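Q: need coordinates for the below:
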Amino acid sequence: MKRHIADALDTRIEDQGSRWQISLRLDGKPVSGLGVVKKKMRIGAATVRMGGVAGVWTHKDHRLKGFASRAMQEGIALMKAENYPFSILFGITDFYHRYGYGVAFPSSTIDVETQALPRSRGPHTIRTMARADIPLVAQLYNRCNAARSGTVVRAKDWQPAWRMPRMGEGTQRRQGRGIVACHPSGRITGYAVYDAQAGHLHVSELSGMDGAAFHTLAAALGRRARAGGAKRIRFHLPEDDPFGAFCGRYGCRWHIGHPRNGGSMGGIVDLTALMKKLTPAFAHRLNVSGAEWDRPIRLVTDIGLVDLVKDGASVAVNTPTRRRATAVDIPQMALMQLVMGYRSVRDVAYDQDVNIPATAFPALDALFPTGYPYMWWTDRF
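A: From the prediction side, this is the model:
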């Protein structure tokens, strides 16, 4: 009997420290594979281990044979075995939904005309970011993103590889340049990472402690844009970023994209493990909302079941039992979007494959509030 080609594949997994590299081999030669990047990501007040799927590839002579699908299945199995209950990727349209991935957050940018930016230097000083600044920059970043779902936790020994967005098809991401704003005391109050591409100045990351830092950064970036002949600056920011609001005084235009399929996507790898990791966020949200419910909320998904039980001021995550519960039928993709705060419970409830009883809305509204999830370009893969 002729051996099926998929059965002839061997899987090789190499642990490279910050990532795993998975390769599928046919007769000893690599034909397909992907990488899984190891990250810690915030979801509200909780921190979860997240596997970032990157560099999915198949040799041109072996495409349309299901090898990429096999590589994805191997990657998901590896993440589950290594206790990475959540996954993020940045992917093409109409492929990754097959593995439970859905759009996790929008693309959002803001354009400001260079001539509108202040020419006064601002109350703080600007200088090039130095290596010695990195721990303080990471500390400021973590402070400014402490409750934003989708952001990556940066450790004390974090070393940046500043990455700029692609400008078009075939254009490679480029290395950004960093500047810091400093209080007269020398304390770092803000930073920005920028690069000039195709006649524009792009800012891939910016954070600041207050208006003085924002003014100083805006003026500095304006000077660099004018020097390079850029007519406008494009900032890559989450929709509710305070610097975006600050730019309203200069006149600005937001561009918000919500892909139907593709782009920034997320997937649940292990339902029960993820829900347990989210209990700190659930407790905080329960305290803020004051919501009450009597029966367990039973999440019924295509990858398993789990009960959410109100336990005083916290939420317990239990394996379903015979105890009466309010069943919520929801595909893992839609649940992921609720977890990220990308969609509201009321919006998801309108999907044809979702069934949420009216009695479950108060609990779900409290546990899964909408927000502005985002991952900065530096941490994308």
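Q: any weak-confidence spans in the stretch 1-150 of the chain?
A: Within the stretch 1-150 of the chain, the ranges that satisfy pLDDT under 70 run 1-7.
Q: again but with the stretch 201-350 of the chain, I slipped
A: Applying pLDDT under 70 to the stretch 201-350 of the chain flags no residue at all.
Q: could you pull out the helices for it?
A: Counting by DSSP state H, counting those that start in this stretch, one finds helices in the stretch 201-350 of the chain at the ranges 211-227, 242-246, 271-277, 279-289, 332-340, 345-348.
Q: looking at these, which is buried most?
A: Per-stretch averages of neighbours, counted by mean count of other Cβ atoms under 10 Å, single out helix 332-340 among those, with a mean of 24. For the C-beta atoms, the positions are set from N, CA and C on the backbone; glycine is no exception.
Q: that one vs helix 279-289, what angle?
A: Angle of helix 332-340 versus helix 279-289, following axes from the mean of the first three to the mean of the last three Cα atoms, to 10 degrees, is 60 degrees.
Q: so what touches helix 332-340?
A: Applying Cβ atoms under 8 Å, 6 or more residues apart in numbering, the external contacts of helix 332-340 come out as 43, 86, 97, 100-105, 149-150, 266-268, 271, 274, 278, 299, 301-303, 330, 343, 345, 348, 351, 353-354, 364, 368, 371, 373.
Q: same check, this time on stretch 277-297
A: 43-49, 85, 307-310, 313-318, 323-326, 328, 339, 359-360, 362-367, 369.
Q: any idea how far it is from the middle of the chain?
A: 23 Å (Cα atoms, centre = their mean, to the nearest Å).
Q: picking that back up, got a ChimeraX select line for the buried ones in the contacts of helix 332-340?
A: Isolation of the buried members of the contacts of helix 332-340 (16 or more other Cβ atoms under 10 Å) is achieved in ChimeraX through the command below:
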select :43,86,97,100,101,102,103,104,105,149,150,266,267,268,271,274,278,299,301,303,330,343,345,348,354,364,368,371,373
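Q: so which of the contacts of helix 332-340 sit within strands?
A: 43, 86, 102, 103, 266, 267, 268, 299, 301 (DSSP state E).
Q: ok, which pair from those residues is furthest apart?
A: 103 and 299 (20.0 Å; Cβ to Cβ).
Q: quick one on the thing from earlier: let's have the ones in strands among the contacts of helix 332-340 in TSV, adding distance to residue 120.
A: Listed next are those as TSV, based on distance: Cβ to Cβ, whole Å:
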residue	distance to residue 120
43	40
86	45
102	46
103	41
266	42
267	47
268	49
299	54
301	55
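Q: just name the closest of those residues to residue 201, please.
A: Using Cβ to Cβ, the ones in strands among the contacts of helix 332-340 come closest to residue 201 at residue 103, 28.3 Å.
Q: where does the closest residue to the closest one other than its chain neighbours fall, phi/psi-wise?
A: In this structure, residue 103 finds its nearest non-sequential neighbour in residue 259, 5.3 Å apart by Cβ to Cβ, 6 or more residues apart in numbering. Note on residue 259: its backbone torsions stand at phi -60, psi 150 [degrees, to the nearest 10].
Q: wait, what's in contact with residue 259?
A: With contacts defined as Cβ under 8 Å, 6+ apart, the neighbours of residue 259 are 93, 103, 106, 107.
Q: skipping its backbone neighbours, what lies nearest residue 98 in space?
A: Spatial nearest neighbour of residue 98, chain neighbours left out: residue 69 (7.2 Å); criterion: Cβ to Cβ, 6+ apart.
Q: just how off-centre is the one helix or strand that neighbour maps to within its chain?
A: Taking DSSP states H and E as the definition, residue 69 sits inside helix 67-81. Computed by Cα atoms, centre = their mean, the chain-centroid distance of helix 67-81 equals 20 Å.
Q: that helix packs against which elements?
A: Helices and strands touching helix 67-81, by 3 or more Cβ pairs under 8 Å, 6 or more residues apart in numbering; DSSP states H and E, are strand 9-15, strand 19-26, strand 29-43, strand 46-58.
Q: contact partners of that helix?
A: Residues outside helix 67-81 that contact it (Cβ under 8 Å, 6+ apart) are 6, 9, 11, 13, 20, 22, 24, 31-34, 36, 51, 53, 56-58, 85, 87, 95-96, 98-99, 267, 269-270.
Q: and with 7 Å instead?
A: Contacts with helix 67-81, where a contact means Cβ atoms under 7 Å, 6 or more residues apart in numbering, come from 6, 9, 11, 13, 20, 22, 24, 31-34, 36, 51, 53, 56, 58, 87, 99, 269-270.
Q: if anything else comes up later, I'll come back, but that's it for now.
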